[in-house]
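> Build me a model:
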Amino acid sequence: MPNTEPGGNPPAALVEGRDYYLEDGLWVFTADYLRRRGFCCDGGCRHCPYPTVDRPPPADLPGDS
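Prediction:
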């Protein structure tokens with residue numbers, strides 16, 4: 001998968017607090033960012049907005065606006 005957005009543009013810079021936050025040195029992507037990304041990577045993301053057969057949809061958490 002190429003590292004570009006539709007139209008061939010480079011991806012926008014990620015913004016801490018809006019797109020991700022750091023927890024114990026790891027990046028945790030927000031549900032808002034994952035929705036804007038537009039697909040599930042099947043990586044088990046904590047705030048994944050795309051339900052699968054194996055897990056229920058995530059509960060909305062503070063900061064997932």
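
> alpha carbons only for contacts and neighbour counts from here, please
Will do.

> Around Cys40, how many other residues sit close by?
15 (other C-alpha atoms under 10 Å).

> burial measure for Thr52, as a count.
Thr52, neighbours per other C-alpha under 10 Å, totals 12.

> who's in contact with it?
Applying C-alpha atoms under 8 Å, 6 or more residues apart in numbering, we find Thr52 in contact with no residue.

> did I read that right, it in a strand?
No - secondary structure of Thr52 (DSSP: H, G, I helix; E, B strand; the rest coil): coil, not part of a strand.

> Would you map the strands across the protein?
For the chain, the strands defined by DSSP state E cover 20-23, 26-29.

> Work out the sheet partners of the last one and label each with its direction, please.
With DSSP bridges as the test, strand 26-29 is paired with strand 20-23 (antiparallel).

> which non-adjacent residue is nearest Cys48?
Ala31 (5.8 Å; C-alpha to C-alpha, 6 or more residues apart in numbering).

> ok, now how distant is the one you found from Asn9?
23 Å (C-alpha to C-alpha, to the nearest Å).

> out of the two, which sits in the busier spot?
Ala31 (24 against 9).
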